[in-house]
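In: Sequence and predicted structure, then a few things I'm wondering about:
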Amino acid sequence: MQCPACFNKLSQMQIGTLTVDVCEGGCGGIWFDAFELQRADDPEKDVGEAMLHISRDPVIQVDFTRKRACPKCEGVKLKKHFFSSKRRVEVDECPNCGGYWLDAGELAQIRQEKAEEAPKPGRPGSGLSSEDIRYLYRIREGNRTDV
């Protein structure tokens, strides 16, 4: 497969049971087949750690304004969209096969964004269900003496 960003030949990288195609020695981008990105973007797992350090050629300049071709689907252009509602990381997705192209550094940005969204201990969303919260609220309201 050919890199959609710098046209370098993509090489396979095996991480556990996950195999992705990377632009090693080129622009440092990563191709994820459908559903592979979800397996690699979890900061709690070490699966994606090796993908954060793909070697790049500093001479290669990527044109981010150019439409990119899907490396798997002949004649199909990738569509740009934001990865989450925070609108920080723009990724390329194939409308045909569902694969994702991430430029160098985008996986780290996605993982950082997910880490920021993770519930913090002692805050709402730290494991209490909405039913638990309603129960605690009823107890609190039942114990009020100023009513």
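Out: Yep, that arrived.
In: for this structure, where's the lowest mean pLDDT among helices and strands?
Out: Least confident helix or strand of the chain, by mean pLDDT, DSSP states H and E, is helix 130-142 with a mean of 69.
In: which stretches of the protein form strands?
Out: 11-15, 18-22, 30-32, 79-82, 90-93, 100-102 (DSSP state E).
In: tell me how far the last one is from the chain's mean position?
Out: Read it as strand 100-102. 9 Å (Cα atoms, centre = their mean, to the nearest Å).
In: next one: the third one
Out: The gap between where strand 30-32 is centred and where its chain is centred comes out at 10 Å by Cα atoms, centre = their mean.
In: so what secondary structure elements neighbour that strand?
Out: Applying 3 or more Cβ pairs under 8 Å, 6 or more residues apart in numbering; DSSP states H and E, we find strand 30-32 packed against strand 18-22, strand 100-102. No exception for glycine: its C-beta is placed from N, CA and C like everyone else's.
In: Out of the ones you listed, which gets the lowest mean score?
Out: Sorting those by mean pLDDT places strand 18-22 lowest, at a mean of 92.
In: and the angle from that strand to strand 11-15?
Out: Strand 18-22 and strand 11-15 are oriented at 150 degrees to each other (axes from the mean of the first three to the mean of the last three Cα atoms, to 10 degrees).
In: Okay, buried residues for strand 18-22 please.
Out: Across strand 18-22, burial judged by 16 or more other Cβ atoms under 10 Å covers Leu18, Val20, Asp21, Val22.
In: Settle this for me: the last one is touching Gly29, isn't it.
Out: Yes: using Cβ atoms under 8 Å, Val22 and Gly29 qualify as a contacting pair, with a distance of 7.3 Å.
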